[in-house]
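Novice: No sequence on hand, only this structure:
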């Protein structure tokens with residue numbers, strides 16, 4: 001019987017990209033989160049240059065876009081939480 005090795009989820013940010021109308025966040029454990037860019041109006045309205053200027057924040061569990069003052073956490077992304085209205 002084969003057994004699968006359990007590994008701890010590592011939800012820290014590895015990479016961030018905008019793919020058309022989606023925000024795609026690659027995590028350290030190999031997963032990728034893709035959410036509609038429209039969920040985050042500041043990023044949706046940002047220029048391509050502003051979207052490219054992101055920084056890992058919060059010990060690796062967050063993303064900050066200084067040009068548009070947007071902050072997202074991997075926890076919120078995994079919960080499917082859009083920006084509050």
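Specialist: That came in fine, so what should we check first? Just so we're clear, the structure is a prediction, and the values are computed from it rather than from any experiment.

Novice: Can you get me a residue count around residue 34?
Specialist: By other C-beta atoms under 10 Å, the residues close to residue 34 number 13. All C-beta spots, glycine's among them, are computed from the backbone N, C-alpha and C.

Novice: Give me the three-state assignment for it.
Specialist: strand (DSSP: H, G, I helix; E, B strand; the rest coil).

Novice: give me the beta-bridge partners of it?
Specialist: Counting by DSSP bridges, residue 34 forms beta bridges with residue 24.

Novice: Do I have it right that it meets residue 26?
Specialist: No. In this structure residue 34 lies outside contact range of residue 26 using C-beta atoms under 8 Å: 10.0 Å.

Novice: Roughly how far does residue 51 sit from residue 37?
Specialist: Distance, residue 51 to residue 37, by C-beta to C-beta, to the nearest Å: 9 Å.

Novice: shared neighbours of the two, anything?
Specialist: Here residue 51 and residue 37 have 18, 43 as joint contacts, going by C-beta atoms under 8 Å, 6 or more residues apart in numbering.

Novice: which residues are in contact with stretch 70-85?
Specialist: Contacts with stretch 70-85, where a contact means C-beta under 8 Å, 6+ apart, come from 11-13, 25, 27, 33, 35-36, 39-43, 46, 57-58, 61-65.

Novice: what's around residue 67, how many residues?
Specialist: 14.

Novice: Tell me the pLDDT of it.
Specialist: Note for residue 67: predicted pLDDT of 98.

Novice: How about residue 6?
Specialist: For residue 6, pLDDT reads 63.

Novice: same thing with residue 30?
Specialist: Per-residue pLDDT puts residue 30 at 97.

Novice: helix or strand for it, which one?
Specialist: Per DSSP states H and E: residue 30 is located in neither a helix nor a strand.

Novice: and it, how far is that from residue 15?
Specialist: 12 Å.

Novice: Geometric centre of the chain: which residue is closest?
Specialist: Residue closest to the average C-alpha location in the chain (C-alpha atoms, centre = their mean): residue 25, at 3.9 Å.

Novice: so how far is residue 8 from the residue nearest to it when sequence neighbours are not counted?
Specialist: Using C-beta to C-beta, 6 or more residues apart in numbering and skipping the chain neighbours, the partner closest in space to residue 25 is residue 33 (4.7 Å). The gap separating residue 33 from residue 8 is 17 Å, by C-beta to C-beta.
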